[in-house]
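[1] Following is a predicted model, sequence given first.
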Amino acid sequence: MKDFISIFDCPTEFLKELLRSSARLKSLYSVGGNDLCLTGKTLAMIFEKPSLRTRVSFHVAMADLGGSALYIKTEDIGGIGQREPIKDLARILSRYVDGIMARTFEHKTVVELAEFATVPVINALTNWEHPCQAMADILTIQEKFGQIDDIKIAFIGDGNNVARSLAFASAKLGMKMVIASPKGYELDAETIAKANKLSAGSVRQINDPGAAVLGADVIYTDTWVSMGQEQEKQKRLSDFAGFQVDSKLVKSASANVKIMHCLPAHRGLEISDDVAESANSIMFDQAENRLHFQRALLKKLLS
């Protein structure tokens, strides 16, 4: 594959290969080893949305592999698709760099970059998918449980880009996922149908968080108000009442259930502080694994 835009488009074996490579590279670097497979190569990192984890993890991953990363804010290029067409931007950058990573609002922006770029393009988040996050999450689950087959994920909250990428990953990698959202915030029916066509019964949408966590191996949550939704904040806070991952909800699951959050966490809203700080929480492990997965992804696409 040339690009990494959507988990849905990736063959299952490609995803499994990336997980195996992520684990190998994590082990190698943990003992002071290195793999300088990208020496002399440059990654352009375009940010329409700010980020801590995405920016730092991709930058460090490129440095670890011997390459370099160029941070590009949208104001540096006059806005994506504003000063010049996206197709021109893609073709120009392809003459300068070895790969393009983009974190944008619109999914179609990354799709068009990939269409016209002659170098690999990586989706580092759009309003439709967040594939790097989801794959780092799967790597974390694999580490904690020793497997991913038949793992049940209870996703509590907005049927958003993270939920969508996890749904596709669940269907492709043998997991089960139940999404509990308030009415009106469910994951779209088309995504659920596509996931279940890949693997029958892999993804289910309900409106009851208590029912979702029964028998769950993982409880996953995300912000109720994403970037670009600030004007909806008060309505969303009201609509999501009762969907907080708190100690009462966690007690409905098994004693060993793992708590995940893609961060940043708004403690006291989608997750309580005591749950975020509990022994069950693995949200900082999944944050770390963004680095390890992205090393493997960059090695695969750019080397």
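    Yes, it's here. Numbering: from 1, shown residues only.

[2] now what about the helix or strand bottoming out on mean pLDDT in the chain, what contacts it?
    Between all helices and strands in the chain, the lowest mean by mean pLDDT, DSSP states H and E belongs to helix 233-239, at a mean of 94. Contacts of helix 233-239 with the rest of the structure, by C-beta atoms under 8 Å, 6 or more residues apart in numbering, involve Pro182, Gly184, Tyr185, Trp224, Val225, Gln229, Leu269. Yep, even glycine has a C-beta here, placed from its N, CA and C like the rest.

[3] Just give the nearest non-adjacent residue to the residue sitting nearest the centre point of the chain, would you?
    The centre of the chain sits closest to Gln133, judged by C-alpha atoms, centre = their mean, with a distance of 1.9 Å. The spatial neighbour of Gln133 that comes closest, neighbours along the chain excluded (C-beta to C-beta, 6 or more residues apart in numbering), is Cys262 at 5.2 Å.

[4] That neighbour and Lys73, how far apart?
    According to C-beta to C-beta, to the nearest Å, Cys262 and Lys73 sit 22 Å apart.

[5] Which one's more surrounded, these two?
    The neighbour comparison of Cys262 against Lys73 (other C-beta atoms under 10 Å) goes to Cys262, with 25 against 11.

[6] What residues does that one make contact with?
    His130, Gln133, Asp137, Val162, Asp222, Met283, Gln286.

[7] ok, now Ile100?
    Ile100 makes contact with Leu43, Ala44, Ile46, Ala90, Leu93, Ser94, Leu113, Ala117, Val119, Pro120, Val121, Ile122 under the criterion C-beta under 8 Å, 6+ apart.

[8] Please, which helix or strand holds it?
    Per DSSP states H and E: Ile100 is located in strand 99-103.

[9] so how far is that strand off the chain centroid?
    Strand 99-103 has its average C-alpha position 14 Å from the chain's average C-alpha position, going by C-alpha atoms, centre = their mean, to the nearest Å.

[10] Only the C-alpha atoms, please, for it, written as PDB.
    Only the C-alpha atoms of strand 99-103 are listed here, as PDB (Å, rounded to 0.1, in the frame of the first residue of the first chain):
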ATOM      1  CA  GLY A  99       6.200  11.400   2.900                       C
ATOM      2  CA  ILE A 100       3.300  13.600   3.900                       C
ATOM      3  CA  MET A 101       1.400  13.300   7.200                       C
ATOM      4  CA  ALA A 102      -1.700  15.400   7.500                       C
ATOM      5  CA  ARG A 103      -4.000  16.200  10.500                       C
END
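
[11] count of neighbours near Phe14?
    Each residue near Phe14 was counted by other C-beta under 10 Å, and the total is 14.

[12] I'd say it and Met1 touch.
    Yes - between Phe14 and Met1 there is a contact at 6.1 Å, judged by C-beta atoms under 8 Å.

[13] Mind jotting down where the strands sit in this protein?
    42-47, 68-73, 99-103, 121-123, 152-156, 176-180, 203-206, 218-221, 258-261 (DSSP state E).

[14] any chance of the ones you listed in TSV, with distance to Arg295 too?
    Rendered in TSV, the data for the strands of the chain read as follows (distance: least, C-beta to C-beta, whole Å):
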stretch	distance to Arg295
strand 42-47	12
strand 68-73	12
strand 99-103	13
strand 121-123	13
strand 152-156	24
strand 176-180	26
strand 203-206	29
strand 218-221	23
strand 258-261	21
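
[15] Can you say which of the ones you listed is nearest to Ile7?
    Between Ile7 and the strands of the chain, the tightest spacing by C-beta to C-beta is seen for strand 121-123, at 9.5 Å.

[16] how near is Gly268 to Leu237?
    To Leu237, Gly268 is 11 Å away according to C-beta to C-beta.

[17] who has more neighbours, these two?
    Summary of the neighbour comparison: Gly268 and Leu237, criterion other C-beta under 10 Å, with Leu237 having more neighbours (14 against 11).

[18] So, low pLDDT: which residues of the stretch 151-300 of the chain?
    Low-confidence regions of the stretch 151-300 of the chain, defined here as pLDDT under 70, do not occur.

[19] do that again at 90, thanks
    Of all residues in the stretch 151-300 of the chain, those with pLDDT under 90 make up the ranges 225-233.

[20] didn't Thr221 look like it was pressed against Ala154?
    No - counting by C-beta under 8 Å, Thr221 sits too far from Ala154 to count as a contact (9.2 Å).

[21] Could you list which residues are in contact with the nearest residue to Gln294 once chain neighbours are set aside?
    In space, not counting the residues next to it along the chain, Gln294 is nearest to Ala61; the distance is 4.5 Å by C-beta to C-beta, 6+ apart. For Ala61, the contacting residues are Leu291, Gln294, Arg295, Leu298, by C-beta under 8 Å, 6+ apart.
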